[in-house]
Structure formats: C-alpha cells, structure tokens
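Undergrad: predicted model follows, preceded by the sequence.
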Amino acid sequence: MASSFALDPTTALQAAARPQAPNAPPPRLLVAGAGGPLGREVLKEALAHGRYASVGVLTRAPLQAGLRRLRAVPFGDGADLPANDIAVVVFDRGRDHYGRDEAYHLPEPQALPALAARLRASGVHTLVVVCPIAPALLPQALQHGLANLDEQAVAALGFERLLFVRPTQDAVAVTLTTWPQRLARWMLSQLRYMIPQQERPLRAGAVAAFVFEVLRQWRDAAPGTRVAAAPLLWAAAQKEGPEPVVQRWLRGDATLPLPPGAPAPG
C-alpha cells in the first residue's frame, strides 16, 4: 500500500531560507522508524531543517514522496544500504489505523545491533537511537524488546558519535508477570490521560527538536557516546528552548532547569 508524506508549505519555505554551513558539504540523513507519532515528528523535523543534502526513510512498501529531498530507501534483509552520514533510529508505537504508516519500516529493538552494523557499513558516522515517550503504553512484545536493548553491542561498532535518547525514566521497560503488576501498570497508564496537557512531561515534537538541535551542535563538539535522559529533555522543552540547554550539556555544564525531585542528568 502506497503512502504519502506532506510538509506544511510555510515550514518548507522557512527551511529553504535557512543558511547552509559554508565550508562543509551538507550531510546525508537516514531515518528508520518514521511510523508512529514520534517517528512522524522526527521525519518532519528532519525535512524542516533544510541542512541535509537528502533525507532518506527506510520503507517496506512504495512511498509517494512529493518532496525533492525526501527519498525512499527500501529495506530488505542483506541488501546494502545507500551511503549516509547520519542516521536516526526511532522506536515507537505500531502503525496507525489510517494507513499513513504502512510504507515505513519499523525497526524491532532486538534487531538494533544488526541494523546499526548495516548503517555503519554504509558510512554512517553519527547514530541517534530514540526510545519511546511512553513505554508503558506500548505492546508487550515491544516493551520486552526495549528491556533487552543491547546498547553495548551498538557502541562497540565504532560510531564517531552515538546518542541514546530516553524521554522517560522508564524508557527501558520492566517485564510484568503477575496480574496485580499488570493491573497496577494499566491503572497508572490511565492516570496519564488525566494530567493537564501543559503539565505532561514531553511531546513528540519536543523530543524531535532536541534530537536535531544536538545533531546541529554536536558537529563542533567532542565526539563520543552520550545518553540523554528524561531530565535533560524536560529542560530542553522549556521556554528557553533546546539550543542553550544542548550547548551547556555538550560542554559538560550540568546546571539545567529540572522538574521538582528529578535527578541531575548524567
């Protein structure tokens, strides 16, 4: 089933007007896991920036892309991936009920090391892995996969820059086996909907904005492996925006605005 992606005209014009880096060719970006609310926001943010030579998205079916810089990258077992510089892998809820996500390849957590190896072989030097915002609301199989996410195997592949983004404290889900545990988790998940919108921790758009602000600034900062935990993302989503927060974080300044009772980001 073919799918399409539409970008707001105003966003496209703003992206075209943004200046490019003068002395370096723009990097090529690939998004894996563009389905689901978080994946769609990541792809939208990638296209809105205009600082990438091209934006690829892993697909499992034909994709009708109406934007010049958006390219569909069919994902098949064993097939070589096209050359890219940066990749963002998103784990999120399954496809929606309207067929908008049918074309996108949705990576499985247990397949992350193999996918990361293929990305590294295609030339990717910077990899971002984005965990879900609300793991408790995910299908049980996906929760179980995230609980066993093999981050060490990915780090051992030798990426120049590797970032794991964990928007919630329980981003690595705990497997619940007894019915009282499952009932308690379900009741807590329902309480999430009673919290006023302005008091909820994060939105998908805020997470996507943080990711691409890090990618923008990290190019001029020290490489390595980093983990962005919930308090850091909360700080980046506040009034001052992600730019100054990311700047302080990349230079090792831990003086960030935090929610009451939250630990300082490591």
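TA: Perfect, I can see it now.
Undergrad: quickly find the element holding L58.
TA: strand 54-59 (DSSP states H and E).
Undergrad: equivalent analysis for F212, please.
TA: helix 204-218.
Undergrad: hmm, back to that, mean confidence for the strand holding L58?
TA: Mean pLDDT, strand 54-59: 93.
Undergrad: give me the contacts around that strand.
TA: Strand 54-59 is contacted by residues 28-34, 43, 46-47, 63, 69-75, 82, 84, 103-105, 107 when judged by Cβ atoms under 8 Å, 6 or more residues apart in numbering. Just so you know, the C-beta spots here come from the backbone N, C-alpha and C atoms, and that holds for glycine as well.
Undergrad: now tell me what touches the helix holding F212 from outside.
TA: So helix 204-218 is contacted by 37-38, 40-42, 44-46, 49, 51, 86, 88, 126, 128, 130, 133, 161, 163, 165, 167, 228, 233, 236-237, 241-243, 246-247, 250 (Cβ under 8 Å, 6+ apart).
Undergrad: in strands only, show me the residues you listed.
TA: 86, 88, 126, 128, 130, 161, 163, 165, 228 (DSSP state E).
Undergrad: can you turn the buried part of those residues into a ChimeraX selection?
TA: Of these, the buried ones can be selected in ChimeraX as follows, counting by 16 or more other Cβ atoms under 10 Å:
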select :86,88,126,128,130,161,163,165,228
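Undergrad: hmm, back to that, give me the angle between the helix holding F212 and strand 161-165.
TA: Angle, helix 204-218 to strand 161-165, by axes from the mean of the first three to the mean of the last three Cα atoms, to 10 degrees: 160 degrees.
Undergrad: buried sites along helix 204-218?
TA: 204-215, 217-218.
Undergrad: what segments of the stretch 1-150 of the chain are helices?
TA: 9-17, 36-49, 112-121, 140-147 (DSSP state H, counting those that start in this stretch).
Undergrad: worst mean pLDDT among those?
TA: Across those, the lowest-scoring stretch is helix 9-17, with a mean of 47.
Undergrad: need phi/psi at G158.
TA: phi 90, psi 30 (degrees, to the nearest 10).
Undergrad: where's it relative to L81, distance?
TA: 17 Å (Cβ to Cβ, to the nearest Å).
Undergrad: of those two, which one has the most company?
TA: Neighbours per residue (other Cβ atoms under 10 Å) separate G158 from L81, with L81 holding more: 22 against 8.
Undergrad: pLDDT wise, what is the spatially closest residue to that one that is not a sequence neighbour at?
TA: In space, and not counting its chain neighbours, L81 is closest to S122: 4.1 Å by Cβ to Cβ, 6 or more residues apart in numbering. Per-residue pLDDT puts S122 at 95.
Undergrad: might you report the residue contacts of S122?
TA: Here S122 is in contact with 80-84 (Cβ under 8 Å, 6+ apart).
Undergrad: so which of these sits lowest on pLDDT?
TA: Across those, the smallest pLDDT goes to D80, namely 84.
Undergrad: how close does the closest residue in space to V245 that isn't next to it in sequence get to A111?
TA: Nearest residue to V245, sequence neighbours excluded (Cβ to Cβ, 6+ apart): A236, at 4.3 Å. For A236, the distance to A111 (Cβ to Cβ) stands at 29 Å.
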